[in-house]
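K.L.:
The sequence and its predicted three-dimensional model are supplied below.
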Amino acid sequence: MKEVKALYLKELSELDGVSGDEERVRKFIEEKIKDKVDSLKVDVLGNLIAFKKGTRSNRKFVLAAHMDEVGFMVTNIEDDGTLSFGPVGGVDPRVVVGKHVRINGELPGVIGYKAIHLQKKDELLASPKFENLRVHIGARSKEEASRKVELGDYISFATDFRQENSRATGKAFDDRAGCAVLMEVIEQEQRYEDDLYFAFLVQEEPGLRGSAVLFEQVCPDLALVIEGTTAGDDPGLPEHQWATHLGDGPAITFMHRGYVVNKKIYESILQVAQKYDIKHQPKRRTAGGTDAARLAKTGGGVPAGVISVPARYIHSPLSMIDLGDFENTVKLVSKILEEGEGFAR
Amino acid sequence: MDTVSLLKCLSSADSPSGYEDEALKAIEENIKPYVDSVRKHKMNALIAVKNGQNGKKLGIFAHADEIGFVVAKLEERGFLRVEPIGGIDPKVVISQRIKIFTKQGVATGVVGFLPPHLQKDDQKDKVPDYNDIYVDVSCSPLSEAVSVGDICVIEGRCTSLGDRFSGKALDNRASCAALILAASKLEIIKNRADVYFIFSSQEEIAGPGAVSVAYELGLDEAIVVDVTHGNEHVPQMPPIKISEGPVLAVGPVINREFYKALCDVAKRHGVRTQIEPTPGRSHTDTDEVQLTRSGIRTALVSIPLMYMHTPVELVDPRDVEETARLLALASTVNL
């Protein structure tokens, strides 16, 4: 099998950047792309917006991916030195127990659970509750813990990235996969007809917040949101409920929560995929939402499309994507840009 | 080797019940310099002997096996089902990497879990059991090599948390480490009895191992070393805390005279200990070792540990060292 080299996926996946704490991810991206774009800015909310001038400059085209991932925040330091925490974004408490975590991107901790021997029968298969979970950082007292941690500190899963058998496993593919796609497009150092704005956004997970301030700064004519989206093609769901399939190419969204994708854009994406014979698939569920919904609602409205890398088990410490899908997403986005003003005309 | 490095080395060995070889190999390498002989027992145990002077035989036991899984079913598209070996809370299995020991090498799979977007509300209160838990091995080049009957463990990771230590299989590798450290101390603390360090098998499924070895050796006294729940509120029980030293169990499965002698030697040498009243069985190898042949005077020493049977078991290396000191001192006790 051909090895896909996903340039920045490993580093992006392993960086910690829970919503509101995207700085590590932003700095990494900024460092890697700064010499390959015409200008860069970081806005008030923390979005990184990179500009690349077009050859005709008749349209402003936004390509967006969000930098943040789901995770946790320290909400209290307990007397015994353990940390109480709450989820940032949608994290199911059932994926949290027995995991290694990092606080502020560096301090290690673990989330344990009462031993199986001490649990009552009805407790064993009951969903754990965040109020009963703690992060242990090895501190013996509140005082000792307070020297290392502050209220409001961010907590991420400590998952290392792996790439085997043309699949990648790791955390935060929602949406570091999207960030990695945009970075690969930037890496090609092509100039296209439209003015391009690469927007690496903050705070998608807690309610599409970073994208809310984009319109005012860019006034885009159209946008393409690149996501890592739900797959569900696993024994967790009966086949008729699967959303996307790993290995079947980028998923193209018709509609999701709060937005029916602009028809012209949706159809143009399909046409480009067909024209260049790029493997692709429709997203077969309308569950979930992306920054496209926010972009469509801000300012006078931005017609936006959504292309996603299918990912199994997102919003957990360990998700999985197919690197062929990743590669085809890069290809599809590049071809869309090559179409220039012909795209979504 | 310092205690943390020893814990790391032993925690990293993957050895579910019945498949103890990797752990026993690591133990053998580490204990060899301190003992007079080492041999393997047919029930997959390792026996390391330090000769003494008074002709008596003291056995110090620690089980070397850990909890794990066995592949029970293969499904299409790289998915498979597992059954646990020993008691593993399904809650800690979700979203873990699983190492599967196939005939062609280690295949790494992941335990998948539906994202919140695709869940139905009526599923949210319940954790899947082993009927519904699945491993996705499509990410492994060895996915085709996996067979029913292959042994698996949750992939571990060791972390120092301040001066404490977290990792998998510290039940009971922390005790194995204590035995190795105890052996190293017998150069200075001269043992009277012949000391048999026994690293036994299949404790996690209450199988054979310790009893078989105890039978063959014909021991006068035995100390079983295991882990116990630390920093956990257990109704009616005194608080047992990590960082406060080894725990001596007291109850019907423990020889009272031996227990008192251990308390006494600990006190005289400044080993801080904790007491765990055990009114019934201890659910360690102690319960059966006591009943071997015509009976063995048996004691149970435990290392306090948090989050037992999870991949993030947590101990204080100082407790491991103090347990080692107590075990070495125990070899000087004359009952």
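P.N.:
Arrived safely. Since the structure is predicted, the reported quantities are computational estimates derived from the model, not experimental observations. Numbering: from 1, shown residues only, chains lettered A, B, ... in the order given.
K.L.:
How many neighbouring residues does the nearest residue to residue A:288 once chain neighbours are set aside have?
P.N.:
Of all residues not flanking residue A:288 in the chain, residue B:117 sits nearest, at 4.4 Å (CB to CB, 6 or more residues apart in numbering or on different chains). Just so you know, the C-beta spots here come from the backbone N, C-alpha and C atoms, and that holds for glycine as well. A count of nearby residues for residue B:117, using other CB atoms under 10 Å in any protein chain shown, gives 19.
K.L.:
Please apply the same query to the one 5 residues further on.
P.N.:
Look at residue B:122: counted by other CB under 10 Å, it has 7 neighbours.
K.L.:
Roughly how far does residue B:185 sit from residue A:207?
P.N.:
Distance of residue B:185 to residue A:207, computed by CB to CB, to the nearest Å: 60 Å.
K.L.:
what does residue A:66 give?
P.N.:
Taken as CB to CB, the span from residue A:66 to residue A:207 is 12 Å.
K.L.:
Looking at the two, which one has more neighbours?
P.N.:
Neighbours were counted for residue A:66 and for residue A:207 using other CB under 10 Å; residue A:66 has more, 32 against 11.
K.L.:
circling back: the residue nearest to residue A:288 reaches residue A:283, doesn't it?
P.N.:
No: Residue B:117 lies out of contact with residue A:283 (CB atoms under 8 Å); the separation is 11.3 Å.
K.L.:
residues from the stretch 201-345 of chain A in reach of chain B?
P.N.:
Residues of the stretch 201-345 of chain A lying near chain B by CB under 8 Å from any CB of the partner chain: A:230, A:232, A:234-237, A:241, A:243, A:246, A:285, A:287-288, A:312-318, A:320.
K.L.:
if we go to 6 Å?
P.N.:
A:230, A:232, A:234-236, A:287-288, A:312-318, A:320 (CB under 6 Å from any CB of the partner chain).
K.L.:
Over to the stretch 1-150 of chain A?
P.N.:
Residues of the stretch 1-150 of chain A lying close to chain B by CB under 6 Å from any CB are A:90, A:92, A:94-95, A:97-98, A:100, A:108, A:110, A:112-113, A:115-116, A:125, A:127, A:137-138.
K.L.:
ok, so what distance separates the spatially most central residue of chain B from chain A?
P.N.:
Central residue of chain B (CA atoms, centre = their mean): residue B:172, 1.3 Å from the mean position. Using CB to the nearest CB, to the nearest Å, one gets 13 Å for the distance from residue B:172 to chain A.
K.L.:
swap in residue B:31?
P.N.:
In terms of CB to the nearest CB, residue B:31 sits 28 Å off from chain A.
K.L.:
Residue 249 in helix, strand or coil?
P.N.:
Just so you know, I chose chain A. Taking DSSP: H, G, I helix; E, B strand; the rest coil as the rule, one finds residue A:249 in the coil state.
K.L.:
wrong one, chain B
P.N.:
What three-state DSSP gives for residue B:249 is strand.
K.L.:
if you skip the residues just before and after it, what's nearest to it?
P.N.:
Residue B:249's closest residue in space is residue B:300 (CB to CB, 6+ apart), at 3.9 Å.
K.L.:
The residue nearest to the centre of chain B sits in which helix or strand?
P.N.:
Using DSSP states H and E, the element containing residue B:172 is helix B:170-185.
K.L.:
any idea which helix or strand comes after that helix?
P.N.:
Downstream of helix B:170-185 (by DSSP H and E), the next one is strand B:194-200.
K.L.:
what packs against that next one?
P.N.:
strand B:45-50, strand B:57-63, helix B:170-185, helix B:210-217 (3 or more CB pairs under 6 Å, 6 or more residues apart in numbering or on different chains; DSSP states H and E).
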